[in-house]
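Novice: Sequence isn't available, so here's the structure alone:
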Ligand code: 6PG
């Protein structure tokens, strides 16, 4: 007999969906899931903590029938047409007032369309970014829900219980109207791409420039993670260098082909930034370098053609300290670009995204969690309208101390022929952002010269054109 008993339903019981549902059950909520693959349902039940209420439904209808109303149904399925297919399957089964949450990495424009089409049927659709990977889902992710405020209020107690905690604060909060949740997650991933790019450049400079072994690389990243640069990405980077390969006697990192994959969220960030428009050059570069990495065959030919001989770097200790400062300041600049993008999108796309809540819930659970987010949370607490984190006085005093290291490392990288495109883009952005006077007066003159595109003057109002 079917009894209406469950608090939360999950569609898609892959590792992420299963782990999040088990996490929900561990916090005292009755959890039911459905997956077309019966084996995943069986796994869900076998992995459940003893004494928790967890059930795998045999059909979608069975799952929906057994949920308390208003129903809270989340899907963790691949972004794209599958999300629409699941919605179509759900529609005949749900009732007005029910809540459907898409926890995947869907594009925000798709989410907006789904919100609007389901609103006609009085179904609340929420786009929610979930970060933290498989372990995060099981033991505490950072979650970025957006959309209907009433729907958020209904799911808030469950999501707050299962989210990662930063101190005693849950790493989940309302991210704003419409598709704000997926928008914030998209930019989170853009920042993730940029920081990973910077870390890979620091690795390259230490490996090929300073000749550090994997053990030494482990020690440097471990030490950095124990100091002011503490972050999840720093922590996992340190441990990667120690992992032995099971098939050879080498370290695993040295056996991995240098072609980076991507599922598209970094690219979306760059594309959307250009549409806004807002400048996120370090995210752009991170996407471009992943793309360039795919051209392995051409890179090998170019290497033979140009024979770039790496000039070894000297003064190991000093260079590592400069690299620390370079990475630290460039990382702040990555966050600055991403957060400035969210600030701009918040008003342009009318999402009312609370920036302080964004940085606050990124402090735990997510891939870009780092001690820097405490600094940013305090900055947005002081000024909710801060358009760029580089304008915060506290951030500025830190950046001022560290930026000479970034300048020095870029000089060294250029001379030693080690590509440092991400680091260079961060410094270039910083220098341009701090330029009260940019050389684009010349660009305006050129545009007017060849295309009569007009220009404005510094000494009087109006729009001018000159016969050059
Ligand atoms: C997270 C990650 C997660 C996933 C990325 C990977 O926050 O947990 O961002 O969403 O790791 O989608 O993206 P790429 O495959 O594009 O690197």
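Specialist: Yep, that arrived. On a predicted model such as this, the values are computed, not experimentally measured, just so you know.

Novice: Pop the domain breakdown of this protein in here.
Specialist: Segmentation of the chain into domains, based on automatic domain parsing, reads 8-174, 185-433, 444-468.

Novice: Format those domains as JSON lines; extra columns: mean pLDDT and mean neighbour count.
Specialist: To be clear about C-beta, it is placed using only N, CA and C from the backbone, and glycine gets the same treatment. Output for the domains of the chain, formatted as JSON lines (pLDDT from 0 to 100; neighbours: other Cβ atoms under 10 Å):
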{"stretch": "domain 8-174", "mean pLDDT": "98", "mean neighbour count": "20"}
{"stretch": "domain 185-433", "mean pLDDT": "98", "mean neighbour count": "18"}
{"stretch": "domain 444-468", "mean pLDDT": "98", "mean neighbour count": "10"}
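
Novice: secondary structure element for residue 211?
Specialist: Following DSSP states H and E, there is no helix or strand that holds residue 211.

Novice: which residues does it contact?
Specialist: Applying Cβ atoms under 8 Å, 6 or more residues apart in numbering to residue 211 gives the contacts residue 312.

Novice: Let's verify residue 32: helix, strand, or coil?
Specialist: strand (DSSP: H, G, I helix; E, B strand; the rest coil).

Novice: if I read this right, it contacts residue 13, doesn't it?
Specialist: No. Checked against Cβ atoms under 8 Å, the pair residue 32 and residue 13 is beyond contact range at 10.6 Å.

Novice: measure stretch 164-178 end to end?
Specialist: Stretch 164-178 has an end-to-end distance of 24 Å (Cα to Cα, to the nearest Å).

Novice: from the middle of its chain, how far away would it be?
Specialist: 15 Å (Cα atoms, centre = their mean, to the nearest Å).

Novice: same deal with stretch 356-364?
Specialist: With Cα atoms, centre = their mean, you get 12 Å for stretch 356-364.

Novice: what sits up against it?
Specialist: Contacts for stretch 356-364 (Cβ under 8 Å, 6+ apart): 140, 142-144, 163-166, 169-175, 184, 188, 339, 342, 368-369, 373-374, 376-377, 380-381, 384.

Novice: Which parts of the protein are strands?
Specialist: Using DSSP state E, the strands assigned to the chain run over residues 8-11, 31-34, 54-56, 72-75, 99-102, 124-131, 142-146, 165-166, 169-170.

Novice: Strand partners (parallel or antiparallel) of the last one?
Specialist: In other words, strand 169-170. Within its sheet, and counting by DSSP bridges, strand 169-170 is paired with strand 165-166 (antiparallel).

Novice: Residue 212 contacts residue 205, doesn't it?
Specialist: No. Using Cβ under 8 Å, residue 212 is not in contact with residue 205, being 9.4 Å away.

Novice: so which of the strands of the chain gets nearest residue 312?
Specialist: Nearest to residue 312 among those is strand 124-131; the distance by Cβ to Cβ comes to 38.9 Å.

Novice: Tell me which other helices or strands that closest one touches.
Specialist: strand 99-102, helix 108-119, strand 142-146, helix 149-162, helix 180-204 (3 or more Cβ pairs under 8 Å, 6 or more residues apart in numbering; DSSP states H and E).

Novice: among those, which is nearest residue 224?
Specialist: Nearest to residue 224, of the helices and strands packed on strand 124-131 and by Cβ to Cβ, is helix 180-204 at 8.9 Å.

Novice: The closest one near the ligand at all?
Specialist: Yes. Counting by Cβ under 6 Å from any ligand atom, contacts between helix 180-204 and the ligand involve 189, 192.

Novice: Now for residue 32 and residue 13: what residues contact both?
Specialist: With Cβ under 8 Å, 6+ apart, residue 32 and residue 13 have common neighbours residue 56.

Novice: Run through the residues of the stretch 251-400 of the chain sitting next to the ligand.
Specialist: So far as Cβ under 6 Å from any ligand atom goes, the stretch 251-400 of the chain lies against the ligand at 261-263, 265-266, 366-367.

Novice: In these, find the pair that's most separated.
Specialist: Checking those with Cβ to Cβ, the most distant pair is 261 and 366, at 19.8 Å.

Novice: what residues are up against the residue in the chain positioned nearest to the ligand?
Specialist: Here the residue of the chain nearest the ligand is residue 131; by Cβ to the nearest ligand atom that distance is 3.0 Å. The contact partners of residue 131, by Cβ under 8 Å, 6+ apart, come to 141-144, 185, 188, 365-368.

Novice: For residue 282, see how far away the nearest residue to it once chain neighbours are set aside is.
Specialist: What sits nearest to residue 131 in space, not counting adjacent residues and going by Cβ to Cβ, 6 or more residues apart in numbering, is residue 366, at 3.6 Å. Distance of residue 366 to residue 282, given as Cβ to Cβ, to the nearest Å: 19 Å.
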